[in-house]
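A.B. asks: sequence and computational prediction follow.
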Amino acid sequence: MPYATETHLRDRYGDTALLQLADRDRDGTADPAVIARALADADAEIDGYLAGRYPVPVTPAPARLTDLAGAIAWYKLHAQGAAKDGPERMAYDDAVAYLVRVAKGEVSLPGVAAAGAPAAAAGSGAARSGAARVFSRDALRGM
């Protein structure tokens, strides 16, 4: 299942804007294949960053991941017409910067356990284990 959907893009950016970007055959309706390609490209880009730390695809996708996928897909729909300093490019750059931080382990995806990370048991805390101390106060008393 994709991280973002066509409905997500319509809700966030509006039908008119989506029609302008995705009506490649100029028939008055947004081309589902164009939208699906942008969403798939966004998913692939996200998975590329997350694969080192999380099992991908992440299911269920947290809301933050859906927002990132929407921003990336929106930029992909603008690919030829995105201004260097335009809001689409800035949102894309912000999404990629966040994904880079996730990949480096600087931030985590909310509600998603990292790959290989054991789930914390309820009520678990710090524990100490190991051999008894060789040099303790009692052992060194009188020296």
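C.D. replies: Nice, thanks for sending it over. Numbering: from 1, shown residues only.
A.B. asks: skip the chain neighbours and tell me the closest residue to residue 109.
C.D. replies: Distances taken as Cβ to Cβ, 6 or more residues apart in numbering put residue 62 closest to residue 109, at 5.8 Å, once the chain neighbours are dropped. Every C-beta, even on glycine, is put in place using the N, C-alpha and C of the backbone.
A.B. asks: look up how far residue 9 lies from that neighbour.
C.D. replies: 18 Å (Cβ to Cβ, to the nearest Å).
A.B. asks: quick one, which of those two is more surrounded?
C.D. replies: Remark: of residue 62 and residue 9, residue 9 carries more neighbours, 24 against 14, as counted by other Cβ atoms under 10 Å.
A.B. asks: so that one makes contact with residue 71?
C.D. replies: No - using Cβ atoms under 8 Å, residue 9 is not in contact with residue 71, being 10.1 Å away.
A.B. asks: my guess is residue 61 contacts residue 5. True?
C.D. replies: No - assessed by Cβ under 8 Å, residue 61 is found out of contact with residue 5, at 10.4 Å.
A.B. asks: these two: which has the busier surroundings?
C.D. replies: Using other Cβ under 10 Å, the more surrounded residue of residue 61 and residue 5 is residue 61, with 21 against 17.
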